[in-house]
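**Q** curious how this folds, go ahead:
(one chain, ligands or ions: 1)
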Amino acid sequence: MEYIALCALGLEKVLSNELKKMNYKIEKANDGMVEFLGDDYDYYKLNVHLRTAERIFIKIGEFKAETFDELFDGILDIRLSRFLPKNGKIVIDKVRTAKSSLYNQSVIQSVVKKAIIEKLKKEYNLKFYNEEEGIYKLRVYIKRNKVTLALDTTGEGLHKRGYRKLVSEAPLRETIAAAMILKAGWKRKHVLIDPFCGSGTIPMEAAMYGLNIAPGLYRHFSFELWYNFDKKRLGKTKKEAVDSIKYTDLKIYGFDKEYKMVEIAKRNAENFKLDKYIRFERNNMESIKLEYDEGYIITNPPYGERIKDKKHAEKIYEQMRYLRKKYPKFKYSIITSHEKFEEFFGAKSDKKKKIINGKQTLYIYEYK
Ligand SMILES: C[S@@+](CC[C@H](N)C(=O)[O-])C[C@H]1O[C@@H](n2cnc3c(N)ncnc32)[C@H](O)[C@@H]1O
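**A** Residues are numbered from 1 along each chain as shown. Next comes the predicted model:
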């Protein structure tokens with residue numbers, strides 16, 4: 001079976017590394033998509049275990065099309081009964097086109113849906129296709145006239161782990177926080193400090209990674225609504241994940257100047273019973289006193305889209321020089337939408353990585 005894992009643009013390498021660790025061989029990785037081969041039911045474990053993927057698709061078919069007729073015929077050439085049942089609700093969830101002759105999304109949507117129903121009727125020898133049982137969400141990507149039809153196994157994006165009931169004003173996406181931690185090379189034996197923790201996303205993701213808690217353990221997936229859903233298999237996948245949790249002491253600290261934020265972060269940690277593993281404290285970045293002189297500072301300081309907020313953020317970056325002076329042996333990984341962060345922080349990063357997450361562009365600055 002061919003799979004596509006979706007991630008924020010720029011995180012393909014981190015996601016590929018996660019997949020390689022799970023013994024998958026990467027076929028392709030670009031444009032926020034990582035493609036690889038796997039067994040028929042691998043989407044159970046992929047959804048449960050991947051930290052930086054946003055969604056897992058089964059690639060149903062791929063073909064060239066420059067006209068609507070070619071689009072229709074291309075779908076007719078795919079053996080759809082391998083993936084879709086004789087009475088499922090077929091939803092064309094999203095259409096994305098780039099540099100292609102076909103671009104009218106709503107027409108593409110209806111042509112693809114018509115062709116799918118036509119083909120399923122033929123394959124199942126039906127007069128009518130009744131959309132009665134289970135929901136099957138499909139996406140159509142058309143890039144340079146190459147059509148990819150993909151079946152979404154995930155549903156609500158994988159960043160929704162379930163612990164973050166309350167958020168800060170500018171919460172960081174859980175999958176991106178996880179990517180920062182993996183990319184920085186933090187391991188459970190190391191100290192991790194987030195001086196601008198907000199609702200605690202970075203410390204939470206670190207604690208889950210440090211204890212080997214699978215991020216999808218406490219949530220549901222869209223494949224649970226399919227006719228062939230194997231409850232026992234998902235139960236077994238989750239049980240194996242639970243059995244591989246390694247409870248151990250962690251040195252993870254989150255600080256924020258807002259008392260309210262610290263309370264929210266604590267509550268989020270309690271939701272996943274991680275409050276024992278993370279220390280959240282109200283403190284200004286400027287007055288943090290650490291009992292360590294080595295470790296990782298992984299953080300998401302304020303950035304502000306409005307000019308006034310941006311100026312304020314720049315001041316904070318200047319004040320962050322203090323951290324680096326006081327804790328020079330720490331490794332730093334900082335994420336912000338500010339393209340000139342380094343100027344204010346007063347040091348050129350060893351690595352700068354651009355991440356595009358929907359409409360938002362972010363940069364990860366790493367200092368080794
Ligand atoms: C972009 S938010 C962090 C969001 C967080 N990553 C999350 O997912 O919720 C920045 C945080 O920095 C805090 N903050 C701003 N200035 C600060 C300072 N001088 N010291 C400590 N915290 C500060 C704000 O209260 C805010 O919660």
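**Q** in the chain, which helix or strand is least confident?
**A** Lowest mean confidence among the helices and strands of the chain (mean pLDDT, DSSP states H and E): helix 307-319, at a mean of 90.
**Q** what are the buried residues along that one?
**A** Buried residues in helix 307-319, counted by 16 or more other CB atoms under 10 Å: 313-314, 316-317. Yep, even glycine has a C-beta here, placed from its N, CA and C like the rest.
**Q** quick check: closest non-adjacent residue to residue 91.
**A** residue 137 (4.9 Å; CB to CB, 6 or more residues apart in numbering).
**Q** just checking, what packs against the helix or strand hosting that neighbour?
**A** According to DSSP states H and E, residue 137 maps onto strand 135-143. For strand 135-143, the elements it packs on are strand 89-98, helix 105-124, strand 146-152, judged by 3 or more CB pairs under 8 Å, 6 or more residues apart in numbering; DSSP states H and E.
**Q** neighbouring contacts of the second one?
**A** Outside helix 105-124, the residues within contact range by CB atoms under 8 Å, 6 or more residues apart in numbering are 68, 71-76, 78-81, 84, 86, 90, 92, 95, 97, 102, 126-129, 138, 140, 142, 149.
**Q** now a ChimeraX select for only the buried ones of the residues you listed.
**A** In ChimeraX, a selection of the buried entries from those looks like this (16+ other CB under 10 Å):
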select :68,71,72,74,75,78,80,84,86,90,92,95,97,102,129,138,140,142,149
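**Q** give me the number of residues near the residue of the chain at minimum distance from the ligand?
**A** Closest to the ligand within the chain is residue 198: 2.7 Å, counting by CB to the nearest ligand atom. Counted by other CB atoms under 10 Å, the residues lying close to residue 198 total 24.
**Q** need the three-state assignment for it.
**A** For residue 198, the assignment made with DSSP: H, G, I helix; E, B strand; the rest coil gives coil.
**Q** name the secondary structure element that contains the nearest residue to it once chain neighbours are set aside.
**A** Using CB to CB, 6+ apart and skipping residues adjacent in sequence, the residue nearest residue 198 is residue 168, 3.4 Å away. Using DSSP H and E, residue 168 sits in no helix or strand.
**Q** how about the contacts made by residue 168?
**A** So residue 168 contacts 198-199, 261, 264 (CB under 8 Å, 6+ apart).
**Q** low-confidence ranges, this protein, go.
**A** For the chain, the stretches flagged by pLDDT under 70 are 306-307.
**Q** so where do the helices sit in it?
**A** Taking DSSP state H, the helices of the chain run over residues 12-21, 43-49, 68-76, 105-124, 174-184, 201-210, 231-243, 259-271, 307-319, 321-326, 341-345.
**Q** deepest of those, which one?
**A** helix 201-210 (a mean of 27; mean count of other CB atoms under 10 Å).
**Q** what pairs with the strand holding residue 137, parallel or antiparallel?
**A** Strand pairing for strand 135-143, determined by DSSP bridges: strand 89-98 (parallel), strand 146-152 (antiparallel).
**Q** which of those is buried the deepest?
**A** strand 146-152 (a mean of 22).
**Q** can you tell me what sits against that strand?
**A** 4, 55-65, 71, 74-75, 78, 83-84, 93, 100, 112, 136-142, 222.
**Q** now it, how far from the chain's geometric center?
**A** On the basis of CA atoms, centre = their mean, to the nearest Å, strand 146-152 sits 19 Å off its chain's mean C-alpha point.
**Q** do the same with stretch 292-311
**A** The answer for stretch 292-311 is 21 Å, by CA atoms, centre = their mean.
**Q** now that stretch: buried residues?
**A** So for stretch 292-311, counting by 16+ other CB under 10 Å, buried means 295-304.
**Q** end-to-end on stretch 337-345?
**A** 14 Å (CA to CA, to the nearest Å).
**Q** distance from it to the middle of the chain?
**A** Distance, centroid of stretch 337-345 to centroid of chain: 25 Å (CA atoms, centre = their mean).
**Q** is it anywhere near the ligand?
**A** No: judged by CB under 6 Å from any ligand atom, stretch 337-345 and the ligand are separated, with a smallest distance of 9.6 Å.
**Q** list the contacts of that stretch.
**A** 303, 305, 310, 313-314, 317-318, 320-321, 324, 334, 348-349, 352, 360-363, 365.
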